[in-house]
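# coords below, sequence missing:
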């Protein structure tokens, strides 16, 4: 298991390096100089060159990449944005926890609800519960989250003011208000994945329940709940991969949800950076997202290997 | 499974309730009341790039630095110049070069230090210091030096007559203690300017992309102000979310309300709203006169006559733009009815002009417009203009570009036409000079520089009296009406929506909200 | 009729197929069936609720929403389908070659590279890259690339690893089959076996995956449009119509958002049902293909 872990880890590090290079090239090789953005389009060429020199922007791309990796890997330092003059580490430290909390809450919500729905649906296959939950899953994957969000704000923040219409109330103003402010955004973020995961749980469980060893177990008179628990454990094996990958994907949709609910998470940093042409910040934010995504994938692999020992040798 | 049921049922409800009762009824008993009647909360679209007034760019977050920093004189919400830290408007010497200000003697900085003429002198000198590279230095460049004359009197001496500088103070300048820039550094001014202003609000906290909080300055020179204990300015870029904040009492006043919502919301009980014209916001189609097809004056005339400004203002801007054909809104003192009336909407006339041009059969151009709106979204207007031009035979394709990129390209003279909102202090010279005289930031955007306009502007700089200025502007406007360098859609209106318990709030003609004297009813 | 139902893997698959066929037909026949010019501005008819003339009402510029929904199907489908085609164009050969050269360095290089690219979160990268390139036309040498093409290619590139892996796995299985060994013994060159024997047998999982991925693309287009980086006005796409309608939700013009939203939902449902159905027919063992995004 350790060998497998090290192998996956080594590979992930390789992937990080490769992706970071792509990312760096994309965000650094753009035609317009950050100097023009800071100094204005009408700044004289001399001033632009001086600015570029001061900030080391006139050096070869690979040298700058090396320096960026070096600073990041050895000091965990994303540097300072040339455009805003703000330290990116502080900016990430400020916004990442917000996004992280939202995604984790939405993720837990999606996982719990999807297992419940998927199980109910599989156990009572072709009953009304199954039909209702299948219709829900189809709708859940097809209705864009931001639209649901606006409708929910309209009804549950304005018409019936149960929840705040946007923003995350800080914990310092009370745990209750804090949780209330998370409900709508987490729901809108989680709904798509609830649909995806409950659908997978259902079909996987139906497959397992139909297998001989389960039927035998039932026939020998084992209690229903015990059989179900056993079946569920087996059924979750394939679901786990997609579940942990969903965690990574959720950060992408969090971007949209944060915009609608005006949540000061990473999305604000990214969209602001894009509109300010602040490529260094775009790079830092996207890198952090990618890292999280990679970790989620790594976790998926490890979980899978743990649940399914055969995989350890096949992959390694 | 609630997802499906709720969404669909809600849609049915939306459909059912809308036409009849109106959707937005009965919001007054919301549970999300403000925590205290003493905190005034604003929601505006943009985050500031800095709190330092000499580098501020965006108009709406300037509400923050204008509560922290103050100036000798200010441009009030009605666009009238009046004294602020000075006792009265300045005395101006006969040669129009020396401005003498008598300072109030009861002003202290937020750190308790009294304000004197030395601080005023230092403030101007530090802003003008080339090494500081202040974004707004260039508009104050004609200040040659500042002299103190006792602790409460200063003379500002210009190198040549330049009356408009007073108008620029409110937005782009402030007074801070002598030596403070060296002591604290410019980043302190940018990020946490505590104690160095004279204004009613003391900086407390900045949560990036989220909010800035100011607390009441107990030693403010106007003892009756401010009426709030705290001022919270929230940054809410989404129009719909900003509206939601107001309705759910997460904000007392919002800036830049969604045009479509404004009309219905401002009439709702428990809410108030006002829209008023500004003198400083051009909504204009900037045509590059150096590039075909706009190198032919008849094409520019055709464009000007093809655009139905009334209709645009009503339907594309929902009343958030005051239509006018020239850079002079109807309410402004420099408005000239004759010049304004010399351009109008008449597609037949437009066709006639087009027929006379050398691009009669092939008039086509690319209109660049900002992909992300600033102050007011122009996309719907662009689509409408496109169809109005089409009707007279001018083909136009739209190109959405990020505003900063578009401006960069335009300033290099690369674009054919740019549809844009431009802002300035509410006086006419700033934008005219920048666009229609040589070697200015927007000279290459217009590709048009008339020596006649430059001369007339120079005359205007030497006048402080509106009566004397009016005939000068009439000549400038006539020249512009003749040459049609741009096609103006109108002037941006400033609009706000606020809750009924907000007192003494008025929409500012200078676009930026002014909340220094605003209070809240319990 | 029964045969048709079976071909789509059951009645729901058939419904899905019917939806997809109808939507594609609607997009293709747009010029013929659209009642109005989708871009015809009529300011004084703005925001009219649905009536007999404008079945879906009009938008803020007075344009007919039904016509825009019909024409808007084109970019939405083009992005959804186009991106999948891009991913097949690259992913198919890569997966085939890697799978057929099991154990060699070729396999290692291809699969490790693809695994790295697979670690790129789609939506964030799509938004960031379009944001960096800008929504205007980008010049790539002599080619002028519009924003829609940009989004399509970008999504397509990001889909490659998922698709290639499916082909890779299928190829691995096929390459070990007896008939391949037999063909090899007959002296048939490797590339010929690959394309004439292995390829056809790997296509079914590809078709299933592609169908489901199209649905994902349509949703992604809406999301990218929401942050203003999708299909640019005045052209209509379902995503940008829905995005533009968000300022009319509170003021009550429900028809601006409901109709494009409905068409996105129905189309996505259609592709999903059809994909499920096809999978039941072609690939009954694999139950779990649905891709998150």
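Yes, it's here. Because the structure is a prediction, the values reported are computed rather than measured.
# ok but residue B:157 is inside a helix, no?
No - the assignment for residue B:157 (DSSP: H, G, I helix; E, B strand; the rest coil) gives strand, which keeps it out of a helix.
# For it, the count of nearby residues, please.
Neighbour count for residue B:157, taken as other C-beta atoms under 10 Å in any protein chain shown: 16. From N, CA and C alone the C-beta is placed, and that goes for glycine too.
# What of the one 4 residues further on?
A count of nearby residues for residue B:161, using other C-beta under 10 Å, gives 17.
# ok, it to residue B:460 distance?
According to C-beta to C-beta, to the nearest Å, residue B:161 stands 9 Å off from residue B:460.
# can you tell me the helix or strand for residue B:360?
Element membership for residue B:360 (DSSP states H and E) is empty, with no helix or strand holding it.
# thinking it is in contact with residue B:353, fair?
No - if you go by C-beta atoms under 8 Å, residue B:360 and residue B:353 don't touch, sitting 9.6 Å apart.
# So between the two, which is more surrounded?
Taking other C-beta under 10 Å, residue B:360 and residue B:353 do not tie; residue B:353 has more neighbours (23 against 17).
# these two touch, right, that one and residue B:305?
Yes - counting by C-beta under 8 Å, residue B:353 does reach residue B:305; the two are 6.4 Å apart.
# what's near enough to touch residue B:299?
Applying C-beta atoms under 8 Å, 6 or more residues apart in numbering or on different chains, we find residue B:299 in contact with B:293, B:353, B:354, B:357, B:359, B:363, B:394.
# pLDDT weak spots in the stretch 1-150 of chain A?
A:1, A:29-32, A:36-44 (pLDDT under 70).
# and what of the stretch 151-300 of chain B?
Ranges of the stretch 151-300 of chain B meeting pLDDT under 70: none found.
# For chain A, just list every one of the helices.
Here chain A has its helices, by DSSP state H, at A:2-28, A:34-39, A:45-54, A:61-75, A:88-123, A:128-142, A:145-153, A:175-209, A:212-219, A:224-260, A:266-275, A:279-307, A:310-315.
# Can the fifth one be said to contact chain C?
No - Helix A:88-123 stays out of contact with chain C when judged by C-beta under 8 Å from any C-beta of the partner chain, the minimum separation being 10.5 Å.
# Show me what that helix is packed against.
Here helix A:88-123 is seen to pack against helix A:128-142, helix A:175-209, helix A:224-260, helix A:266-275, helix A:279-307 when contacts are counted using 3 or more C-beta pairs under 8 Å, 6 or more residues apart in numbering or on different chains; DSSP states H and E.
# Same check on the third one?
Applying 3+ C-beta pairs under 8 Å, 6+ apart, we find helix A:45-54 packed against helix A:34-39.
# Identify the residue nearest residue 122 in space, chain neighbours excluded?
All of this is about chain A. In space, and not counting its chain neighbours, residue A:122 is closest to residue A:205: 3.8 Å by C-beta to C-beta, 6 or more residues apart in numbering or on different chains.
# Let me rephrase: I mean chain C.
Once flanking residues are discounted, residue C:122 sits nearest to residue C:158: 4.8 Å by C-beta to C-beta, 6+ apart.
# Could you list the contact residues of the stretch 1-150 of chain C toward chain B?
With the criterion set to C-beta under 8 Å from any C-beta, the stretch 1-150 of chain C comes near chain B through C:39-41, C:43-44, C:46, C:49, C:60-62, C:134-137.
# now swap in the stretch 151-300 of chain A and tell me
A:151, A:153-155, A:157-159, A:161-162, A:164-167, A:173, A:191, A:194-195, A:259-262, A:264, A:268-269, A:272, A:274-277.
# Return the members of the residues you listed classed as buried.
A:151, A:153-155, A:157-159, A:161, A:164-167, A:191, A:194-195, A:259-262, A:264, A:268-269, A:272, A:274-277 (16 or more other C-beta atoms under 10 Å in any protein chain shown).
# quick revisit: tell me the most buried of the helices and strands packed on helix A:88-123?
helix A:266-275 (a mean of 25; mean count of other C-beta atoms under 10 Å in any protein chain shown).
# That helix to helix A:2-28, inter-axis angle?
Taking axes from the mean of the first three to the mean of the last three C-alpha atoms, to 10 degrees, one finds helix A:266-275 and helix A:2-28 inclined to each other by 40 degrees.
# Residues touching helix A:266-275, excluding its own?
Residues from elsewhere that reach helix A:266-275 (C-beta under 8 Å, 6+ apart): A:81, A:83, A:91-92, A:95-96, A:98-99, A:251, A:254-256, A:258-259, A:278-279, A:281-282, A:285-286, A:288-289, B:47, B:208-210, B:372, B:402-404, C:124, C:127-128, C:131-132, C:227.
# No more questions from me, cheers.
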